[in-house]
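Enquirer: Could you look at this predicted model? Sequence included:
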Amino acid sequence: MLTPLSPPKWNDETAAHLLNRAAFGGTPAEIEAARQKGLAAMVRELVDVGSDAANVPAPSWAYPRNIRAVRMEIKAAKDQGGDFKEKARELRMMEGEEILDLRRWWLERMMNGPAPLLEKMTLFWHGHFATSAQKVKDVYWMWLQNDTLRHNALGNFATLTKKMSRDPAMMIYLDLQQSRKEHPNENWARELMELFTVGIGNYSEQDIRESARAFTSYRIDMTTQQFRFAPFQQDLGNKTFMGKSGPLNGDDIIDILIKQPACAQFIARKILRYFVEDDPQPQFIDLIATRIRAHNYEMRPVLRELFSSTEFYSERAMRTQIKSPVQYLIQTSKLLETPLPSPIVAQNAMRQMGEILFAPPNVKGWDGGKAWINTSTLLFRYNFANYLINGDAIVPMNAQQRIKGADPGYGNAAKLAEQIKRDPIDVSKLAPAELREKPRELVDLISRRLFQAPAPEKETETFVQYLEARKPDTGDETMRGLLHLMMSTPQFQLA
């Protein structure tokens, strides 16, 4: 069993840690409120959200449309020598604007929604069941998958996996809808085992072939834009999969995989890497795998136990996780008490930092951890902090072509400039006037906001010296400079 955290250890730092990992960070006021509620109450608030929390209003464009039919019309016009360029341009602009809006829609939900853990787990599954809009080419299907992930994010893993096998975006991404009884497609069958359930080394090539046969009847109804079952394409023959034989179907395959000890181990490790530490110890993985099996793969009770445990608040865990680009973007905006940047800027920032929503690098998703940081991404983070604080357009004006190429709807230079424009933050919320003449006290106050702990002595001295060198100037520009200096440190990249 996990060891419950003792009440005396529930304090500002552990409360901040819970909000950092189970949500997207918190302001000092939010951290104080969490501390006063107590650990048990705060964990309940995060984990035990009502079912209505998943009923997020969809973007206005998110309804079934047969985009493929439009593409076929364009192709036919092109083949016949007709005028197709204008219609193709309109389609590209629509798709660019919709994926941009989908990213905005989700970021705002993460930033301001009432159920941050639900969104954090939706983001976890988004990386686990990685699917890219670049291949799917239908933003409605990407929204539909996101909605399915949200409704099942804290529920049963087996149920979610079965829903993903019927998800149109996933079916397109892994070619499942192309699978025929005569020619089973093995893409989904392979990734189901390698990346979604048991991991490499825990299945055979024969298992892949037999699994592929079981999923041959999965199709998409292009009228409703939903999953449909094609019984005449189903392979009803006997199959032998991981020692089980019979006329197995897709759900049977998933049920067999879930019962494999390797599956609980695989999911446990990913959960720990996401919420606790980059390299979890084997005994910790075993412990969480045991709890996953004990709860029959229900995620809610597993997370409730994890977030209440001493292990979650260990020195190995606290302030050691490199913020993902999405975490960085949202948490930094929260800490600065400023709105998210405009959609085009946010999208470009995610791209530059290496995690753009709905566009994972491959079916494996994002590696995370130390992979988030390299010379280029770290420099961008430092510069982007300056943009969020001061509104200096360090981001896209020298990258207009890249942005316009990715987002046809933002090809107009004046429109792009308006999207980039940003006012400096109201620094009085972070640097009160009464402390501006007291450098050490001010640095301590801001350190607790940005780092959720006092800065190391060496860094503290650097921050204090920055203020001392600018006396008697204690104006907003100096305060914003201090914030940028503090955010341009390795410590700020950690949560």
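Expert: Yep, it's here. Residues are numbered from 1 along each chain as shown.
Enquirer: make it CA atoms for all contacts and neighbour counts henceforth
Expert: Will do.
Enquirer: in the protein, which spans are strands?
Expert: Secondary structure of the chain by DSSP state E: the strands cover 218-221, 226-229, 239-241, 244-246.
Enquirer: for those, which one sits closest to residue 12?
Expert: Among the strands of the chain, the nearest to residue 12 by CA to CA is strand 226-229 (46.8 Å).
Enquirer: of the strands of the chain, which approaches residue 18 most closely?
Expert: strand 226-229 (37.6 Å).
Enquirer: Near residue 230, how many other residues are there?
Expert: Around residue 230 there are 13 other residues, counting by other CA atoms under 10 Å.
Enquirer: Next one, pLDDT for it please.
Expert: Residue 230 is assigned a predicted lDDT (pLDDT) of 94.
Enquirer: List phi and psi for the nearest residue to it once chain neighbours are set aside.
Expert: Spatial nearest neighbour of residue 230, chain neighbours left out: residue 217 (4.9 Å); criterion: CA to CA, 6 or more residues apart in numbering. As for residue 217, its main-chain torsions (degrees, to the nearest 10) stand at phi -100, psi 10.
Enquirer: I'd guessed residue 217 sits against residue 180; true?
Expert: Yes. Applying CA atoms under 8 Å, one finds residue 217 in contact with residue 180, separated by 7.3 Å.
Enquirer: Against residue 178, how distant is the residue nearest to the spatial centre of the chain?
Expert: Centroid-nearest residue in the chain: residue 123, 3.2 Å away (criterion: CA atoms, centre = their mean). If you measure residue 123 against residue 178 using CA to CA, to the nearest Å, the figure is 28 Å.
Enquirer: burial measure for residue 372, as a count.
Expert: 18.
Enquirer: Now do the contacts for it.
Expert: 322, 323, 324, 325, 353, 354 (CA atoms under 8 Å, 6 or more residues apart in numbering).
Enquirer: Let's see that with 10 Å instead.
Expert: 322, 323, 324, 325, 353, 354, 355, 366, 378, 493 (CA atoms under 10 Å, 6 or more residues apart in numbering).
Enquirer: check contacts around residue 382.
Expert: Counting by CA under 10 Å, 6+ apart, residue 382 has contacts 484, 485, 486, 487, 488, 489, 490, 492, 493.
Enquirer: Tell me if I'm right that the last one and residue 369 touch.
Expert: Pointing back at residue 493 there. No. Residue 493 is not in contact with residue 369 according to CA atoms under 10 Å; the separation is 11.2 Å.
Enquirer: Name the spans of the stretch 351-495 of the chain whose pLDDT lies under the cut-off.
Expert: 393-415 (pLDDT under 70).
Enquirer: Show me the helices in it, by range?
Expert: 375-390, 400-406, 413-420, 439-450, 457-468, 476-487 (DSSP state H, counting those that start in this stretch).
Enquirer: before we move on, what about the stretch 201-350 of the chain?
Expert: 205-214, 250-258, 261-275, 282-294, 299-307, 325-335, 343-353.
Enquirer: Residue 386: which of these is closest?
Expert: Across these, closest to residue 386 is helix 325-335 (CA to CA), at 11.3 Å.
Enquirer: Measure how that closest one sits relative to helix 375-390, angle-wise.
Expert: Angle, helix 325-335 to helix 375-390, by axes from the mean of the first three to the mean of the last three CA atoms, to 10 degrees: 20 degrees.
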